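Provide a 3D model corresponding to the input given below.
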Amino acid sequence: VPFSTAEEAAALAADSEYGLSLGILTGDAMRGLALADLIPTGIVHINDQTVDDEAVAPFGGTGASGTGSRFGGGRANAEAFTETRWVTVQGEIAGYPF
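I've put the predicted structure just below:
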């Protein structure tokens with residue numbers, strides 16, 4: 001989906017009932033972090049991809065994503081998943097494959 005501004009991109013990404021994990025690739029890591037702040041998700045990776053999600057890290061997502069959507073709905077898990085957000089930031093875009 002084409003967009004013209006970071007704010008428009010954030011609005012497009014946030015316009016979903018899902019919000020599990022987000023990856024932002026950018027030449028400016030701090031600008032990517034500011035953009036991530038506008039998009040509700042459970043996990044954020046700046047200059048990395050969601051393949052790095054770890055089972056031992058707090059995990060839940062927002063909206064209809066994550067454990068809340070599978071086991072009792074968002075209301076049942078709201079307390080467990082509303083405060084924690086995992087964010088990774090790298091100064092440069094990671095190379096794939098590893």
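
pretty sure residue 64 contacts residue 42?
No - Residue 64 is not in contact with residue 42 according to C-beta atoms under 8 Å; the separation is 11.7 Å. Glycine gets a C-beta too; all of them are placed from N, C-alpha and C.

the two: who's more crowded?
Between residue 64 and residue 42, residue 42 has the larger neighbour count (other C-beta atoms under 10 Å), namely 24 against 15.

would you agree the more buried one is in contact with residue 63?
No - counting by C-beta under 8 Å, residue 42 stays clear of residue 63, with 9.4 Å between them.

what residues are shared contacts of the two?
residue 19 (C-beta atoms under 8 Å, 6 or more residues apart in numbering).

tell me where this protein has strands.
Applying DSSP state E to the chain gives strands spanning 18-19, 21-24, 43-46, 62-63, 86-89.

need the winner for burial among those.
strand 43-46 (a mean of 24; mean count of other C-beta atoms under 10 Å).

residue contacts, the closest residue to residue 31 other than its chain neighbours?
Taking C-beta to C-beta, 6 or more residues apart in numbering, and ignoring the residues beside it in sequence, residue 31 has residue 6 as its nearest neighbour in space, at 7.4 Å. By C-beta under 8 Å, 6+ apart, residue 6 lies in contact with 31, 34, 35, 38.

got it, and residue 16?
Neighbours of residue 16 in contact, by C-beta under 8 Å, 6+ apart: residue 63.
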